[in-house]
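**Q** Provided below for reference: sequence and predicted model.
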Amino acid sequence: MRAVRSSRQLQRWLVGVSAMVLTVLLAPVAPAQAADGIPVPATTFKDRGVGAVSAADRDFVIKVRLAGLWEIPAGNMAVEKSDDPRVVNIGKSIAAQHVVLDNLDRTVAKKLDIMLPNVPNAAQQIWLDEMRAANSTTFDQIFIDRLRAAHGNIFPAIATIRASTRNDSVRQLAQQANQFVMTHMTLLESSEIVDYGALPTAPAPAGAGGPVPVDGQMIAAASANSGLPGVNTTVILLVLAAALVVGVITTMRIFRAR
């Protein structure tokens, strides 16, 4: 009787362990999360000012400065001219955050000896003049649409520099700028008056004879390195889990026979 009880306890223990292992194997790996649930990219580099600085790097640092030179006064105008509390808060937040980003940018520029402008460029000045000329009825739409389009256009430049720069100061600035830009786009869209139909369209994808897309390159590289092309990781985990279950069932049968 004691042997039968012992066998049942062992069976339950094996089933419990199997369930735990199966859960661990099939559980998705979640990225690091901030307190508000937004994924936070892990930083694996340090800002030491080390690495060659390209012409594209210098242009990027200048563009970050230019963004602040027109978006700070634009945000301040939103606080003064808008009758919509949402737009007022959006303008206040964007202006304040660009002050922080501008300080980060000027620190990098000083470290890398990059000369920065002190006034907006011609196009940005036109946008600011347009906002100044707008009345309380037309201002909100102009403010939201101009800033939303500008933030959408800067994404490719940030991605290119983040992926290609050899200088760790510029790399960190690109990562920081990306977080600011995404935050600002989200803020602008929270106004619920973005004219998405007026946004610039993305360029057409390359034809069949064109360069291989980045995603395709990454998939091809992963398949080549894995040694198991075409085999999905989930399939491998399911096979391992099935083998574990079979092992447990076999062990239970052996104990029952005894």
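**A** Right, received. Where do you want to start? Numbering: from 1, shown residues only.
**Q** CA atoms for contacts and neighbours, from now on please.
**A** Noted.
**Q** Now do the same contact list for Lys81.
**A** Residues near Lys81 by C-alpha atoms under 8 Å, 6 or more residues apart in numbering: Asn135, Ser136, Phe139.
**Q** do that again at 7 Å, thanks
**A** Lys81 is in contact with Ser136, counting by C-alpha atoms under 7 Å, 6 or more residues apart in numbering.
**Q** pLDDT value on it, please?
**A** For Lys81, the pLDDT comes out at 96.
**Q** Report the separation between it and Ile72.
**A** Distance of Lys81 to Ile72, given as C-alpha to C-alpha, to the nearest Å: 14 Å.
**Q** likewise Ser93?
**A** 10 Å.
**Q** the more surrounded of these two?
**A** Using other C-alpha atoms under 10 Å, the more surrounded residue of Ser93 and Ile72 is Ile72, with 21 against 18.
**Q** Am I right that the more buried one falls within a strand?
**A** No: counting by DSSP: H, G, I helix; E, B strand; the rest coil, one finds Ile72 to be helix, located in no strand.
**Q** So for it, what's the nearest residue that isn't a sequence neighbour?
**A** Leaving aside its sequence neighbours, Ile72 sits nearest to Ala95 (C-alpha to C-alpha, 6 or more residues apart in numbering; 4.3 Å).
**Q** Now do the contacts for the one you found.
**A** For Ala95, the contact set (C-alpha under 7 Å, 6+ apart) comprises Glu71, Ile72, Gly75, Asn76.
**Q** if you set the cut-off to 8 Å instead, what comes out?
**A** Per C-alpha under 8 Å, 6+ apart, neighbours of Ala95: Gly68, Glu71, Ile72, Pro73, Ala74, Gly75, Asn76.
**Q** Adding distance to Pro200 and pLDDT as columns, could you present those in CSV?
**A** Formatted as CSV, the contacts of Ala95 follow (distance: C-alpha to C-alpha, whole Å; pLDDT from 0 to 100):
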residue, distance to Pro200, pLDDT
Gly68, 22, 96
Glu71, 19, 97
Ile72, 23, 97
Pro73, 24, 98
Ala74, 21, 97
Gly75, 22, 97
Asn76, 26, 97
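**Q** Restricted to buried residues, select the residues you listed in PyMOL.
**A** Selecting just the buried residues from these in PyMOL takes one command, with 16 or more other C-alpha atoms under 10 Å as the test:
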select buried, resi 68+71+72+74+75+76
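**Q** Which two of the contacts of Ala95 have the greatest separation?
**A** Checked with C-alpha to C-alpha, the contacts of Ala95 reach their widest spread between Gly68 and Asn76, with 11.8 Å between them.
**Q** quick one: His98 and Arg65 touch, right?
**A** No: using C-alpha atoms under 8 Å, His98 makes no contact with Arg65, being 9.2 Å away.
**Q** Cool, thanks, talk later.
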